[in-house]
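**Student:** below: sequence and its predicted model.
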Amino acid sequence: MEEVTTFCARYMDGVESKLNRPVLYEEGPIGAKVSRLISANEAHQAHHFVLFNSPSIETLRMNENISEEIICLARGPKYNVASYHGFFVNGYKFETIIVDHLRVTRNSGVASIGEEKKIFYGVVENVLEVYFRTLAPVHLLKCSCYDMKEGSRRVVDEYNFTLVNTTKKSFEDEPFIYPSQAQQVFYS
């Protein structure tokens with residue numbers, strides 16, 4: 001049946017399918033905003049991530065002029081953040097692992113491509129809206145990352161599925177990614 005719908009959607013005007021269906025959700029946080037305080041360690045981790053992944057910092061490395069944005073980033077984030085239970089981005093709906101346990105569907109699985117095209121697998125623990133003084137809020141996904149050491153944890157089966165050992169975690173000191181870096185994965 002899906003093949004028929006796909007065929008009709010490609011060759012007939014006015015037939016709606018998942019290929020041409022308009023996007024129903026705007027990108028951004030899901031659910032009510034909940035204010036909370038983050039620990040000094042979480043603030044440090046978020047600050048470190050934003051500093052090392054901000055295009056403004058990359059520009060600074062090439063230039064000696066310091067903008068107001070750079071000064072705000074250097075001062076670090078406020079400890080009061082907004083927390084959400086999910087985020088829409090890149091056509092995906094990500095929800096925290098806590099929400100996943102309450103539902104039949106699973107939307108907390110995440111993969112992110114790092115340096116040298118290395119893929120990191122994990123689950124979304126929290127969605128934070130972090131504030132840096134006068135800058136616009138920065139959205140971050142706080143993730144638990146699974147240990148994917150070469151040769152010992154990552155296996156690709158005969159159907160080309162990546163098998164991930166979800167019992168051992170790693171990269172606990174670098175838990176944040178931008179929502180735009182997230183790709184959705186599913187664990188069974």
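**Tutor:** Sure, I can see it. Please read these numbers as outputs of a predicted model, since none were measured by experiment.
**Student:** list the helices and strands the longest strand along the chain packs on?
**Tutor:** For the chain, the strand with the greatest residue count under DSSP state E is strand 119-130. Contact analysis of strand 119-130 by 3 or more Cβ pairs under 8 Å, 6 or more residues apart in numbering; DSSP states H and E lists strand 28-30, helix 40-53, strand 80-84, strand 86-89, strand 92-95, helix 97-100, strand 109-113, strand 138-146 as its packing neighbours. C-beta here means a position set from N, CA and C on the backbone, and glycine is covered the same way.
**Student:** quick one: distance of the first one to the chain centre.
**Tutor:** Averaged C-alpha coordinates place strand 28-30 at 12 Å from its chain's average position (Cα atoms, centre = their mean, to the nearest Å).
**Student:** do the last one as well
**Tutor:** Shown here is strand 138-146, whose average C-alpha point lies 6 Å from the average C-alpha point of the whole chain (Cα atoms, centre = their mean).
**Student:** what strands line up against it, and which way round?
**Tutor:** Partners of strand 138-146 in the sheet, by DSSP bridges, are strand 119-130 (antiparallel), strand 169-170 (antiparallel), strand 176-177 (antiparallel).
**Student:** contact partners of the last one?
**Tutor:** For strand 176-177, the external contacting residues (Cβ atoms under 8 Å, 6 or more residues apart in numbering) are Q45, A46, F49, V110, S112, L140, L141, K142, C143.
**Student:** ok, now the second one?
**Tutor:** Defining contact as Cβ under 8 Å, 6+ apart, one finds that strand 169-170 is touched by S144, C145, Y146, D147, M148, K149.
**Student:** can I get the strands paired with strand 138-146 in CSV including mean pLDDT, mean neighbour count and distance to L163?
**Tutor:** CSV is the format used below for these (pLDDT from 0 to 100; neighbours: other Cβ atoms under 10 Å; distance: least, Cβ to Cβ, whole Å):
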stretch, mean pLDDT, mean neighbour count, distance to L163
strand 119-130, 94, 21, 10
strand 169-170, 83, 14, 16
strand 176-177, 94, 22, 22
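**Student:** same list (the ones you listed) but as a markdown table, adding distance to E158.
**Tutor:** Output for the strands paired with strand 138-146, formatted as a markdown table (distance: least, Cβ to Cβ, whole Å):
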| stretch | distance to E158 |
| --- | --- |
| strand 119-130 | 19 |
| strand 169-170 | 27 |
| strand 176-177 | 30 |
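**Student:** hmm, back to that, quick check: PyMOL command selecting the buried ones in the contacts of strand 176-177.
**Tutor:** Listed next is the PyMOL selection for buried residues among the contacts of strand 176-177, using 16 or more other Cβ atoms under 10 Å:
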select buried, resi 45+46+49+110+112+140+141+142+143
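**Student:** among the contacts of strand 176-177, which one lies nearest to I98?
**Tutor:** I98 lies nearest to K142 out of those, by Cβ to Cβ, at 12.0 Å.
**Student:** that closest one and V123 touch, don't they?
**Tutor:** No - counting by Cβ atoms under 8 Å, no contact exists between K142 and V123, whose distance comes to 10.2 Å.
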